[in-house]
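Undergrad: fold the following for me, if possible:
(2 chains)
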Amino acid sequence: MNEITLIIDGQEVKAKEGMTVLEAAKEAGIDIPTLCYHPDLTPYGACRLCIVEIENVKGFPTSCTTPASDGMVVKTNTPQIHELRRDIFELILTEHPNFCITCNRKERCQPFDICLRNVSVTERCVICPRNGHCELQDVADSLGVEEVTLPYAYSKELPIERGDPFFDRDYNLCILCGRCVRVCQEVRGRGAIAFTYRGSDALIGTAFGWSLKESECQFCGACVDICPTGALMERTSRWEGVAEYQVVTTCPYCGVGCQLELEVKRGRVIRVNPKRDGTINQGQACVKGRFGIAEFVHHPERLTNPMIRRNGNFEDATWDEALDMIASKLGKYKENNEIAVISSAKCTNEDNYVAQKFTRAVLGTNNLDHCARL
Amino acid sequence: MVDKDNSSGNSEIRTVLVCRGTGCVAGGSDEIYDALKQEVESLGLKDVKVDFVGCHGFCQRGPIVDIEPEGFFYTEVQVEDVPEIVQSHLVNGHPVERLFYHDPMTGEAISYYHDVAFYARQKRIVLRNCGHINPERIEDYLAMGGYEALKKALFEMTPELVIEEVKKSGLRGRGGGGFPTGRKWELCRKTPGNAKYLICNADEGDPGAFMDRSILEADPHSVLEGMLVAAYAMGATHGYIYCRAEYPLAIERLEIALKQTVERGLLGDNILGSGFNFQIEIKEGAGAFVCGEETALMMSIEGKRGMPRSRPPFPAVSGLWGKPTNINNVKSLATVPVIIAKGAEWYSSVGTDTSKGTVVFALTGKTRNSGLIEVPMGISLADIIYEIGGGIIRDRRFKAVQTGGPSGGCLPASMLDLPVDYESLAEAGSIMGSGGMVVADEDTCMVDLARYFLAFTQAESCGKCVPCRVGTRQMLDILERITRGEGQSGDIERLEKLAQVVKSGSLCALGQTAPNPVLTTIRYFREEYEEHINKHYCRASACKELVKSPCQNTCPARIEIPRYIRLIADGKYDEALAVVREKVPFPAVLGYVCLHLCEARCRRDQLDEALGIRALKCFAAEHDTGLWKQNSKIAPPTGKKVAIVGSGPAGLTAGYYLAKLGHEVMVFEALPVAGGMMRVGIPRYRLPGEVLDNEIKEIENVGVEIKVNSKVESLDELFKQGYSAIFVGVGAHLGMNMGIEGETTVGVVDGTDLLREVNLGKKVDVGDKVVVIGGGNVAIDASRTALRLGAKEVSIVYRRTRAEMPASDEEIEEALREGVKILYLAAPVRAMSVNGKLKIEFIQMELGKIDASGRRRPVPIEGSEFTDEYDLMIKAIGEQPEVPDRYMLSVGRGGRLEVDADTLVTSREGVYAGGDVVTGPASVIEAIAAGRQAAISIDKYLGGGGDIDEVLAPPEEEVAAFDIEEVEGEKYRPPMNMLPLDERLKGFAQVELGFNEEKAIEEAKRCLRCDLEEH
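TA: Residues are numbered from 1 along each chain as shown, chains lettered A, B, ... in the order given. Got it, this is the predicted structure:
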């Protein structure tokens, strides 16, 4: 791919042909605020925050949609752009509760803290599942917005959609960036959700207002992961707040090997995110990995140590006890070649390799099969 | 048209063409067509053919029937008229005159199509075949030279040559963008790729626009031919016509046309054996306005939600299905065949330097003629509105014209001279747009208009980008609250700020242009916004929350007109008068002489005739029993003294209310009599002296003291005498000069001077032959007074025509009846004294361009001078105030005092002013309104609450709102009793004697009770 050179904010920037102005700027470490932009999705140009000025181009093009070209001269932060960006961002904030975003105390509050601001409950950051990792808060900080002078344009007062498993949809918090719609269509190839209605009535929704279950949703959670606000939030972690640390692991549900990032707080997995740079899954997961981990990890009935049935009851045992028992019992069947092994698709390739090795080399039989073949 | 085989030998075949465009079909033209066919067939008329055509453009007068070859033009034809047309016209050869078009200005019946003014000023290139051919027959189109351009392009021109020709023609995109069409084609041609698309954008969505629709319905082949030529030029293989599904007739006729072209080898593979292949498909749109935007349109064709996307990439590079695509409007494409057939030079000879050719408008709104028109670029707005449109319905005042639909702007009267081209319109803040042109008159509120258009764009916004979706909503919320009377200070600035964000920040043209109606109305009609916000007043009487009834809203003193009219209808005359008295201390004077601005806004006028509100008020005043005095209160003395300078309606009204608030009021009058212009300006035959005496007496009864013969020389003096506040209401008594040679010649007098002298009882000799210059009420008063003073011959010379005359119609009528002659379109240029005789030289005028007042400007005709001799020339071309310098008040244009518009305070603290001295010559009622406002302001200044409102009438019983069922056909004003003509000129006896009781009740019952209407 050809290399091109452009000038962004007086700085010479090298970029690859086909890149957008925004990508070129990001690569050069120049920060441009965005909301509807997402690197995994085709450019959209709806939030209008990434506007720039380009020599010989009329008006304020959006950097996310404008292809970078050789010799282009771009300004990303003139006073005029800054003002227009703030004005546009203010407009966004009239469609969304905004005390939570402009509050000067927002960094110090945690769930269950008491909000000292005299605002309605629904406008308090502490009740928002996205508090602490809300992209609106980030943009507000970068633009230095501390006050919204415009009135709330309208109160949508939409009922929260709670009819589906795993996550709720609260479109009162939606800013219509369209990331969920696009990820569902472009990345997951489903199209379970779309824009409905027009003008200020525009809303994300399903065909005919069906539930997600009825509209071909696979509950992969990609929309939840990509949502910049608290509009889409999985139910189990809604009140958990910000994690203490992350643990990267491989999803145990199947052999694909999706990389997951477990968010841990007080020793418990509070949320699972597909790892963005996971080679296998590249930020995606299926319903099991996305929503099925924490529940099963912390399930009271989960087996955490070996058990041996004695006198009709399962009793806790040590690994040595258990392994000894298995070895002795298997050994009985080895001589007469009475053993067959079936391995699971939930196991990784490596596990399956070891299983066949063990079967052939240790148990000495070729009676080996795999559930995926059945 | 001559049919040689006709059995009757040499007689011509006549063709009866019935318009079957959507407008005429809605009016019943399908039935008319069938009836005509049947009638002609049953009578066996062999030399008559009945056929139909598409839209003529004059839908307002539809259904239209046109008889060729003569071109007889029948309008508003009904099925019932068919036998008469056939029998009288086709059989007996007597055209049916009653169905001819009647010119709205002259009333003249016009028999032929080409003589109708609506068509005379048009230049029809795009609409060349509309209304002349049967749109469902390709033979008709071929007969008009159709598809010749295609043949020429295919066989005589290379694609590059075609593009060159279109570029040379100067054709620009008629969808509104105005991008040069040839260049657009070239871009698409130059993009590599073997699959290219051509899209015809027929997604016409502007409210009130029907240009594309009419063309598709009346001449679909012109669009198809244009597409074929365009496709050949750019190398497109596949075409789409994106037409909204709401245009079923257009789609039907397009489908017929497509079938016909395929059958004749004009469409498909190897067209006419040239090797050129092209297919056309119709794509029906679901009617989203935004799908007129090209990227959204392509999304829609692809089956996606119609949402615009950012450009680049432009459609010419990556459009439909990612292929190079060219999108042209219906009108652009329909123009192409003419350009190819007649050549670029011919086309570019029409229009201006940068905007070539013609432009099609859907002219709608308050013009007399409305419909589809085509005019050369560069024509002025005034020519369109007044020449083609025939001016404003019911002679209302033109207020604004909206071009470019919801994306365009509203231009005021001062812009009427503006040439219609892309650049001029853009500079004025509007756009050419795709051809919507909505004309508004004084009944249209500019804030409401902006609100309407923004509500449209807001609802039609796709919702994708933030500035358009949220910004327009915020703007609409502000506009809505302003029209509800809940506007806040700073709202105009907020609107301007938001508009800027929406314009600069939006993704597509819908958002970028959506604020235009708001910005232009703020730019040109800011005062209307301010009135809504600061005074909760809508001058157009359009914003329902602010207006109880149009008459009351229009009355400067806000008299509760519908209520007192109801009381008259109920026989409660004294209660009716009490209602009037709640707002004004001169009910009888107003009953006689009010300019009744209210009547001009009466809704009944739209049914038959406006109510005689003034005469009813007069009737109530004549039946006063003094009931109103029961509730009239005077506050205890405040110990504050107020001086009023001038005893006209403004001064006395202010004094009256100030006295009732407990202040000590002294009125100083320079003349020997009180009443100001009511006394010395209005002739006695219109306002008897005792009527005024009685009402002034009531004012004195509340404690107002009037000192006549006391001219106030200095305001300082009054302050020294202990007056805490002063009201200056000295009126406008100084007649204006005409600025002609010999103006001071003996025998030239001033109209106001003459009327004053006469009213003061002085003897005035006017001689035998008198000429009055001017066209206002003073001119009429002076002429009728001159007659009463013994003049034998009185004529008025006015430089414009009757239609422009500012004097009230009823006064002009009475003057003419009494024998005054009026010479229109002439003006004096010189006055001289020859042998003791006054000789006046006049020049004839003609009406030129429309000026900012919406009237045609008079222009002298060179060499048309003529002279005449008179005994007296009275100039009555206007008056102006004359305020002594020693008052030390700030004086503005025309000698008028400058005051704060809301409080009426002058440049000096404690000094207020109102009436003619502030406004220039106006009306009694406006002076009274100013007097009321001054009383409020002065009372507040003196520490009071400024509350002058009174409840004098008993509360009204509940009355039902008006039910339209109550209207029993048209009903006009009963005639008033008038003094017989032969008695009038003997002296100054009252001329108009008013309604008797029966007539008054009859008239009052015509009221529509707009104030009770549910909002």
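Undergrad: quick one: low-confidence parts of the chain?
TA: Defaulting to chain A. A:1, A:106-108, A:111-112, A:154-155, A:373-374 (pLDDT under 70).
Undergrad: please refer instead to chain B.
TA: Using pLDDT under 70, chain B drops low at B:1-11, B:852-854, B:1015.
Undergrad: quick one, what contacts residue 120?
TA: I'll assume chain A. If you count contacts by Cβ atoms under 8 Å, 6 or more residues apart in numbering or on different chains, A:S120 has none. Any C-beta I mention is one placed from the backbone N, CA and C, and that applies to glycine too.
Undergrad: wrong chain, I was asking about chain B
TA: Shown in contact with B:A120 (Cβ under 8 Å, 6+ apart): B:H114.
Undergrad: can you give me phi and psi for it?
TA: Per-residue torsions, B:A120: phi -60, psi -40 (degrees, to the nearest 10).
Undergrad: distance of it relative to B:Y101?
TA: As judged by Cβ to Cβ, to the nearest Å, B:A120 and B:Y101 stand 12 Å apart.
Undergrad: so for stretch B:252-259, what gets flagged as buried?
TA: B:R253, B:L254, B:I256, B:A257, B:L258 (16 or more other Cβ atoms under 10 Å in any protein chain shown).
Undergrad: what helix or strand does the residue of chain B found nearest chain A sit in?
TA: In chain B, no residue comes nearer to chain A than B:G463, which is 2.6 Å away by Cβ to the nearest Cβ. Under the criterion DSSP states H and E, no helix or strand holds B:G463.
Undergrad: any idea how far B:D477 is from it?
TA: 16 Å.
Undergrad: just A:T65 next, same as before
TA: Look at A:T65 and B:D477: by Cβ to Cβ, they are 29 Å apart.
Undergrad: neighbour count: those two, which is higher?
TA: Taking neighbours as other Cβ atoms under 10 Å in any protein chain shown, A:T65 and B:D477 compare with A:T65 leading, 22 against 19.
Undergrad: please, which helix or strand holds the more buried one?
TA: Counting by DSSP H and E, A:T65 is part of no helix or strand.
Undergrad: leaving out chain neighbours, which residue sits closest to it?
TA: Nearest in space to A:T65, with sequence neighbours left out and distances taken as Cβ to Cβ, 6 or more residues apart in numbering or on different chains, is B:S310 at 3.7 Å.
Undergrad: among the buried residues of stretch B:252-259, name the ones in helices.
TA: Using DSSP state H, B:R253, B:L254, B:I256, B:A257, B:L258 are the members of those that sit in helices.
Undergrad: contact partners for the last one?
TA: In this structure, B:L258 makes contact with B:L224, B:L267, B:I280, B:I282, judged by Cβ under 8 Å, 6+ apart.
Undergrad: the third one is in contact with B:L267, isn't it?
TA: Meaning B:I280. Yes. The pair B:I280 and B:L267 qualifies as a contact (Cβ atoms under 8 Å) at a distance of 6.3 Å.
Undergrad: who touches both of these two?
TA: Residues touching both B:I280 and B:L267 (Cβ under 8 Å, 6+ apart) are B:L224, B:L258.
Undergrad: so what's the residue count around the residue of the stretch 251-374 of chain A found nearest chain B?
TA: Nearest residue of the stretch 251-374 of chain A to chain B (Cβ to the nearest Cβ) works out as A:Q284 at 23.6 Å. A:Q284 has 21 neighbours, counted by other Cβ under 10 Å.
Undergrad: using the three-state scheme, assign it.
TA: With DSSP: H, G, I helix; E, B strand; the rest coil as the basis, A:Q284 sits in coil.
Undergrad: you'd agree it is up against A:N273?
TA: No. With contact defined as Cβ under 8 Å, A:Q284 does not count as touching A:N273 (10.5 Å).
Undergrad: and the next element down the chain from the helix or strand hosting B:V447?
TA: Assigned by DSSP H and E, B:V447 falls within helix B:446-460. Later in the chain than helix B:446-460, the nearest helix or strand by DSSP H and E is helix B:466.
Undergrad: and the helix or strand just after that next one with helix B:446-460, angle?
TA: Note on helix B:466: by DSSP H and E, the next helix or strand toward the C-terminus is helix B:472-483. Relative orientation of helix B:472-483 and helix B:446-460, computed by axes from the mean of the first three to the mean of the last three Cα atoms, to 10 degrees: 150 degrees.
Undergrad: could you see whether chain A lies near helix B:472-483?
TA: Yes. Counting by Cβ under 8 Å from any Cβ of the partner chain, chain A has neighbours in helix B:472-483: B:T472, B:R473, B:Q474, B:D477.
Undergrad: for the residue nearest to the spatial centre of chain A, what is the enclosing helix or strand?
TA: Closest to where the C-alpha atoms of chain A average out (Cα atoms, centre = their mean) is A:D225, at 2.1 Å. Using DSSP H and E, A:D225 maps to helix A:222-226.
Undergrad: quick one: name the residues of chain B near chain A.
TA: B:288, B:290, B:305, B:307, B:309-310, B:312-313, B:458-467, B:469-474, B:477, B:497, B:501, B:504-507, B:512.
Undergrad: just the buried residues out of these, in PyMOL syntax.
TA: Remark: buried members of the residues of chain B next to chain A, expressed as a PyMOL selection using 16+ other Cβ under 10 Å:
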select buried, chain B and resi 288+290+305+307+309+310+313+458+460+461+462+463+464+465+466+467+469+470+471+472+473+474+477+497+501+504+505+506+507+512
